[in-house]
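S.K.: Just the structure for this:
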Amino acid sequence: MRIFLCIVMLWVQAVVAQELYVSKQGRDSNPGTKVLPFASLEKAKAVAAKYKSGVTVHIMQGTYYLAQPLVFSKADSRNAGADLTFTAYKNDQVTIKGSRLLKVTFKPWRDGIWQADLPVGSPLPDQLYVNGHLQVMARYPNYQPHAKPLQGTAADAISAERVRTWKSPGGGYIHALHGSEWGGMHYRITGKKNDSTLELEGGWQNNRPSPMHKQFRYVENIMEELDEAGEWYADSIKRILYYHPAMGLDLHKAIIEVPVLQNLVSFKGLPGQPVKNIHFKGLRFEHTLRTFMKNREPLLRSDWTIHRSGAVFFENTENCSLESCDLFDLGSNAVFFSNYNVADYVYDCHIARVGAGGISFVGNPSAVRSPAFRYEQFVPYDQMDLTPGPSGVDFPAQCLVADNLIHDIGLVEKQVAGVQLSMSQSIDVYHNTIYNLPRAGINVSEGTWGGHDISFNEVFNTVQETGDHGAFNSWGRDRYWHPRRAAMDSLMAVHPDLWQLDAVLPTLLHDNRFRCDNGWDIDLDDGSSNYYIYNNVCLNGGLKLREGFHRVVKNNVIVNNSFHPHVWFLHSRDTFMHNIVSGPYLPIRINDWGTGVDSNFFLDQAALHTTQQWRIDQHSVAGDPHFENAAHGNYAITYPSLAWDQGIRPISNDFGVRTARLRAKAMKVPLPQLANTTSDASATHHFLDMKVKNLHTLAERSATGMDREVGVLVLEVPASSPWHQQLQANDVILGLGGEPVNNVQDLLNAKMKVQWHATAVVIIFRDQKRQELKLPLK
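M.R.: The predicted model follows:
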């Protein structure tokens with residue numbers, strides 16, 4: 001009996017979950033109990049590995065500065081049901097930082113600038129936080145928080161005249177947009193060839209090579225540009241930190257922090273030996289290094305390059321997770337899943353103030369059959385592996401990204417996304433709220449290998465610093481896709497199912513609400529294939545389908561915009577039916593309208609008439625769809641209505657994060673005023689943040705000097721409008737981008753045609769005469 005009891009006691013000890021504790025007041029020589037806790041996460045990790053049962057590590061309130069990343073290997077892996085969880089103790093505020101406190105003695109230097117000797121052996125600062133706020137590395141032009149792009153740019157940032165004023169610019173950086181505004185580019189200044197010519201390295205951060213943009217550029221980390229409060233510069237030779245504090249800041253009491261780590265937590269298994277069942281919950285992660293000069297791995301033939309790194313990094317894992325965590329003030333990517341990762345999830349996390357991307361899933365190119373790595377490259381058919389799908393399993397699959405709040409990211413790197421999917425399969429992206437970023441909110445880099453379910457997301461304020469993109473963007477430059485259209489047409493005529501080799505599973509894009517004011521709400525670009533797009537609300541930018549195959553688009557609402565079909569293939573099998581659109585379609589080089597473009601609902605009879613001239617939409621109708629409450633963003637149709645008769649059904653109004661803690665913090669999407677000029681010619685509308693209306697009364701005609709009642713009358717031009725310096729109240733808009741503008745609907749239709757352009761020619765009537773202006777569109 002005694003032996004039996006001993007066996008039972010040992011068994012109970014093995015299966016009962018263990019509780020370990022970490023505290024700022026603890027010691028690593030302690031046993032890790034609540035009364036005698038450990039001092040470090042590393043110690044708790046090491047002790048947890050000794051237990052076969054489940055382990056919860058409770059971390060007590062405080063800030064924990066990591067000396068090195070917390071790395072979990074195969075040795076730390078857990079069996080199912082014996083998970084390891086690191087969590088905040090009783091919802092304490094726990095912050096894990098990759099920075100160090102910088103303890104220096106400042107003394108006045110000149111012009112309001114102070115200086116301090118950097119400690120011997122300490123790394124040169126990459127970023128500087130003072131009392132929790134990121135300071136500005138000395139730059140030209142000076143930092144303008146609300147300026148876009150790049151918080152202020154200047155064409156003369158690296159002009160010969162300015163370079164001559166720099167004594168030793170080596171170690172400085174140039175940040176610029178791609179020449180076509182397809183993301184960003186970065187260069188390190190290595191020196192000067194002569195008095196005015198810089199020596200540079202870099203520019204590799206975009207997979208569509210280009211010179212840097214001639215206007216959108218700035219330079220930083222130059223001593224001579226230290227001229228404004230909040231700026232700093234670290235002299236790498238003299239090892240002196242120069243800082244211009246804001247008025248009233250006491251440097252003797254200030255808390256100064258310098259990021260020193262690239263990663264905070266890494267899950268790093270081995271091929272065939274994944275790390276399993278480890279979780280982080282309720283913690284805050286801050287302060288990692290910038291990595292923009294390391295960003296050079298091409299993502300197949302997409303426009304992206306990446307650096308496989310993140311504040312929290314996953315590689316070769318199963319069932320590992322981040323839950324209810326905050327990831328703030330990071331220099332590079334927040335969360336990165338590299339290569340094999342299965343059944344992992346990121347839930348209820350808040351990601352903000354991040355230098356690069358939000359949550360990325362990127363597989364191993366070795367899993368791609370017949371891969372190519374630049375837009376212009378192509379594997380010839382007779383050399384192509386014709387086996388469908390991936391080779392092996394070294395890619396993310398069956399993972400979940402749900403109920404996360406992601407905003408204000410891409411502060412340094414511009415080819416980023418809130419959620420990025422590349423060389424992965426069956427990633428579910430549900431109920432996330434994503435906004436304020438330079439490029440797409442959600443991006444799918446290529447067709448490899450589909451199966452994603454992207455639904456119930458709220459995505460807006462996107463493409464704010466770049467161009468030719470969408471709130472949702474995808475490419476499909478897969479095995480079948482050729483950079484020369486004639487070659488691709490010939491290949492697909494002989495092998496019509498070749499597109500199915502990589503996009504082996506359909507990607508579902510449904511029940512989302514998108515808004516892009518500088519591009520498309522939904523942008524399926526080069527080659528994107530095998531999509532089912534339904535029940536989405538597009539609030540501003542419309543829906544674009546460039547060439548691809550088998551895209552089914554049904555039951556979407558496109559507000560104040562329309563459908564943009566571009567250069568479709570013959571026999572594309574594309575379908576556009578049972579959708580609500582606000583204007584005529586805007587086709588480009590369409591010779592074959594797919595398997596069905598019909599039974600749609602137009603808000604404008606003239607738009608329907610224009611569209612039917614292409615011998616499509618013969619059964620479509622126009623009228624009032626009877627939205628339940630468009631003013632408050634509810635575009636579900638009511639029964640009965642003509643829209644219902646077209647087979648259109650109500651759409652959910654349940655978008656974005658659902659958890660109470662994040663819903664309270666999330667910004668609300670700006671809702672458009674539904675522009676329908678046929679119903680009320682006197683209505684006021686919003687266009688590029690201006691207030692406008694149809695010019696339709698004799699009094700308005702007299703006040704403006706117009707000879708007839710036509711055009712769009714400008715009522716108000718606030719500072720938030722890109723036209724606030726050029727237009728004024730009482731101007732009349734008569735043309736945009738070469739299109740005549742007789743009313744607000746014409747203005748919206750014209751804007752659709754040029755919405756991816758940086759500027760457009762605008763014809764206005766002012767002071768009794770027509771005037772032609774070239775105006776920015778963002």
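S.K.: ok, and the helix or strand in this protein with the lowest average confidence?
M.R.: In the chain, the helix or strand scored least confidently by mean pLDDT, DSSP states H and E is helix 2-15, which has a mean of 38.
S.K.: Could you report the neighbour count for Phe313?
M.R.: Using other Cβ atoms under 10 Å, Phe313 has 22 neighbouring residues. No exception for glycine: its C-beta is placed from N, CA and C like everyone else's.
S.K.: Same check on Glu201?
M.R.: When neighbours are counted by other Cβ under 10 Å, Glu201 registers 11.
S.K.: Could you double-check that it sits in contact with Arg188?
M.R.: Yes - counting by Cβ atoms under 8 Å, Glu201 touches Arg188, with 5.3 Å between them.
S.K.: Can you name the residues in contact with the next helix or strand after the least confident helix or strand of the chain?
M.R.: Going down the chain from helix 2-15, the next helix or strand is strand 18-22, by DSSP states H and E. Contact with strand 18-22 is made by 32-34, 37-41, 43-44, 47-48, 51, 53-60, 64, 89, as judged by Cβ atoms under 8 Å, 6 or more residues apart in numbering.
S.K.: 6 Å instead?
M.R.: The contact list for strand 18-22, computed with Cβ atoms under 6 Å, 6 or more residues apart in numbering, reads Gly32, Lys34, Pro37, Phe38, Ala44, Tyr51, Ser53, Val55, Thr56, Val57, His58, Ile59.
S.K.: Is the second one located within a strand, as I assumed?
M.R.: No - with DSSP: H, G, I helix; E, B strand; the rest coil as the criterion, Lys34 is located in coil rather than a strand.
S.K.: nearest residue to Gly171 other than its sequence neighbours?
M.R.: In space, and not counting its chain neighbours, Gly171 is closest to Ser236: 5.5 Å by Cβ to Cβ, 6 or more residues apart in numbering.
S.K.: Next, count neighbours for that neighbour.
M.R.: So Ser236, with other Cβ under 10 Å, has 12 neighbours.
S.K.: Residue ranges in the chain under the pLDDT threshold?
M.R.: 1-16, 676-682, 698 (pLDDT under 70).
S.K.: in it, which spans are helices?
M.R.: For the chain, applying DSSP state H gives helices covering 2-15, 41-48, 160-163, 485-494, 605-612, 642-645, 660-663, 698-704, 744-754.
S.K.: mind saving the C-alpha coords of the fourth one as PDB?
M.R.: Looking back up the chat, that one is helix 485-494. Provided in PDB are the C-alpha atoms of helix 485-494 (Å, rounded to 0.1, in the frame of the first residue of the first chain):
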ATOM      1  CA  ARG A 485       1.600  39.600 -71.900                       C
ATOM      2  CA  ALA A 486       1.900  38.200 -75.400                       C
ATOM      3  CA  ALA A 487       4.000  35.300 -74.100                       C
ATOM      4  CA  MET A 488       1.600  34.700 -71.300                       C
ATOM      5  CA  ASP A 489      -1.400  34.700 -73.600                       C
ATOM      6  CA  SER A 490       0.300  32.100 -75.900                       C
ATOM      7  CA  LEU A 491       1.200  29.900 -73.000                       C
ATOM      8  CA  MET A 492      -2.300  30.000 -71.400                       C
ATOM      9  CA  ALA A 493      -4.000  29.300 -74.700                       C
ATOM     10  CA  VAL A 494      -2.200  25.900 -74.800                       C
END
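S.K.: what comes up buried for that helix?
M.R.: Across helix 485-494, burial judged by 16 or more other Cβ atoms under 10 Å covers Met488, Leu491, Met492.
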